[in-house]
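Novice: Return atomic coordinates for the entry below.
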Amino acid sequence: MILRVSDGARVLSKSIRLKSTLTTFFDEMGKGVIVKSASTVIFENLALEDWIHDHVDLQDRSILLLWRNSPAVVIGRHQNPWQECNLPLMRRLGIPLARRRSGGGTVFHDIGNVNMTFFTSKKKYDRHRNLTVVTNALKELRPNLDVNSTDRFDILLNGHYKISGTAAKLGRTAAYHHCTLLCSVDRSLLSSVLKSNNSQVIKSNATPSVPSPVKNLLDVDPTLDTENVMEAVASQYKKEFGFATPVITVDPTHESLMPGVHKMTQDLLTWEWVYGKTPKFGVCTSLAVDGVNITLDMDIKHGKVERCDIGIPEGWLPLEIVNEFTSTLNGSRYCPRETAVLVADFIRTNSLAGDIATKIHRLCEGVISVM
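Specialist: Here you go, the predicted model:
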């Protein structure tokens with residue numbers, strides 16, 4: 001099913017389901033629309049956000065999108081993932097990394113986190129008003145709950161714990177502001193994946209995240225689960241903006257409903273977007289390899305090795321082998337898989353064996369350790 005109305009058990013008629021696009025449907029829904037994504041895939045939901053921003057006329061319309069994701073780490077448009085998160089741990093756990101098109105800091109999502117995107121025209125863009133919708137919704141559920149928005153457009157619980165962070169995208173005429181809301185997130189996993197093991201070796205001008213203590217709403221009230229919170233936010237949104245609209249569930253994988261959304265999803269999945277959009281940065285560190293100290297100095301541009309210098313103790317490896325090794329890395333993606341393949345080809349092509357091959361393998365492991 002393409003569209004479903006969450007208003008009792010009522011389902012949209014066949015004629016409406018066969019509308020040419022979601023834009024056409026929005027035109028018939030009036031000035032206020034609330035959408036809930038049927039997907040829990042981060043890339044599909046980010047594509048849905050951008051599709052609405054790019055294809056729906058928001059000059060005289062406001063839209064609220066509610067969505068949740070399976071475990072994922074999401075970085076801001078101008079951030080450095082090697083600096084922001086524990087990529088080796090994420091690879092081991094199979095947690096994807098996504099780069100959104102808005103600014104802001106790095107966040108961890110799982111199914112216990114509610115995401116809310118407020119779409120308006122650029123002229124009506126108002127983050128304070130949007131956050132008031134969220135805080136008032138929470139206070140409707142629990143009147144004595146101490147939740148307030150800050151000048152940084154976060155929402156704090158009990159004046160100390162961050163339960164919501166904010167990011168935004170402002171286009172030429174349209175805008176969206178999205179924020180998180182921690183209901184029952186795995187906080188142990190959150191703290192583990194948002195702690196880079198290589199932040200000290202990276203020299204970067206990328207936008208850094210600002211760490212804050214966090215807490216779940218469920219920690220203070222077991223009734224504040226994701227479903228209750230989403231219903232409360234939807235109800236408060238209608239009240240704030242004066243709408244009488246049902247909640248529409250949308251599957252963002254339907255190309256016929258949203259022409260071009262599949263390509264938008266695929267673009268968000270590419271290595272060139274997720275890693276290649278990282279601002280230029282440097283890596284400078286010392287590696288302990290087989291009991292010797294080796295220096296590593298690299299420049300990374302567009303996610304690829306632009307320059308690589310490796311300093312080794314005299315006599316540990318032939319200098320010409322080290323120079324060829326660094327030349328092999330130049331121009332390659334700054335990622336473990338490609339580096340491992342290149343080094344294996346380098347050893348095979350140069351017919352390296354014995355102690356030299358072993359040391360090159362160890363050197364490769366050291367380089368990969370900072371990726």
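Novice: got the buried residues for stretch 241-252?
Specialist: 241, 243, 245-252 (16 or more other C-beta atoms under 10 Å). (Glycine included, C-beta is placed from N, CA and C.)
Novice: Also stretch 156-175?
Specialist: 156-157, 161-169, 174-175.
Novice: Of the buried residues of stretch 241-252, which belong to helices?
Specialist: residue 241 (DSSP state H).
Novice: got the buried residues of stretch 241-252 as a markdown table, with distance to residue 46 and pLDDT columns?
Specialist: Listed next are the buried residues of stretch 241-252 as a markdown table, based on distance: C-beta to C-beta, whole Å; pLDDT from 0 to 100:
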| residue | distance to residue 46 | pLDDT |
| --- | --- | --- |
| 241 | 24 | 91 |
| 243 | 25 | 87 |
| 245 | 24 | 83 |
| 246 | 24 | 87 |
| 247 | 20 | 92 |
| 248 | 19 | 91 |
| 249 | 18 | 94 |
| 250 | 14 | 94 |
| 251 | 15 | 94 |
| 252 | 9 | 95 |
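Novice: quick check, nearest of the buried residues of stretch 241-252 to residue 200?
Specialist: residue 252 (38.6 Å; C-beta to C-beta).
Novice: For the closest one, give its distance to residue 150.
Specialist: 31 Å (C-beta to C-beta, to the nearest Å).
Novice: Residue 357 too?
Specialist: 56 Å.
Novice: Ok, residue 236 next?
Specialist: Look at residue 236 and residue 150: by C-beta to C-beta, they are 19 Å apart.
Novice: is it true that residue 48 touches residue 63?
Specialist: No - with contact defined as C-beta atoms under 8 Å, residue 48 does not reach residue 63; the gap is 11.0 Å.
Novice: Looking at those two, which one has more neighbours?
Specialist: A count of neighbours by other C-beta atoms under 10 Å puts residue 48 above the other of residue 48 and residue 63, at 26 against 23.
Novice: list the contacts for the more buried one?
Specialist: Contact analysis of residue 48 by C-beta atoms under 8 Å, 6 or more residues apart in numbering lists 37, 39, 65, 67, 250, 252, 258, 261.
Novice: Now tabulate these in a markdown table and tack on distance to residue 139 and secondary structure.
Specialist: Shown next, in a markdown table, are these (distance: C-beta to C-beta, whole Å; DSSP: H, G, I helix; E, B strand; the rest coil):
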| residue | distance to residue 139 | secondary structure |
| --- | --- | --- |
| 37 | 26 | strand |
| 39 | 30 | coil |
| 65 | 22 | strand |
| 67 | 23 | strand |
| 250 | 29 | strand |
| 252 | 31 | coil |
| 258 | 35 | coil |
| 261 | 36 | helix |
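Novice: What is the nearest of those to residue 55?
Specialist: Distances from residue 55 to these, taken by C-beta to C-beta, are shortest for residue 258, at 7.3 Å.
Novice: from the chain's centre, how far out does stretch 167-184 sit?
Specialist: Relative to its parent chain, stretch 167-184 has a centroid offset of 12 Å by C-alpha atoms, centre = their mean, to the nearest Å.
Novice: typo on my end, stretch 196-213
Specialist: 15 Å.
Novice: again with stretch 190-205
Specialist: Distance, centroid of stretch 190-205 to centroid of chain: 15 Å (C-alpha atoms, centre = their mean).
Novice: what residue lies at the spatial centre of the protein?
Specialist: Closest residue to the average C-alpha location of the chain: residue 74 at 1.5 Å, with C-alpha atoms, centre = their mean.
Novice: Let me see the contact set for that one.
Specialist: Residue 74 is in contact with 42, 46, 97-100, 106-109, counting by C-beta under 8 Å, 6+ apart.
Novice: and it, what element?
Specialist: For residue 74, the element it lies in under DSSP states H and E is strand 72-75.
Novice: what lines up beside that strand in the sheet?
Specialist: The pairing partners recorded for strand 72-75 under DSSP bridges are strand 97-99 (parallel), strand 107-109 (antiparallel).
Novice: Between those, which one is closest to residue 326.
Specialist: strand 97-99 (27.0 Å).
Novice: Distance from that closest one to the middle of the chain?
Specialist: With C-alpha atoms, centre = their mean, you get 4 Å for strand 97-99.
Novice: Fine by me, we can end here.
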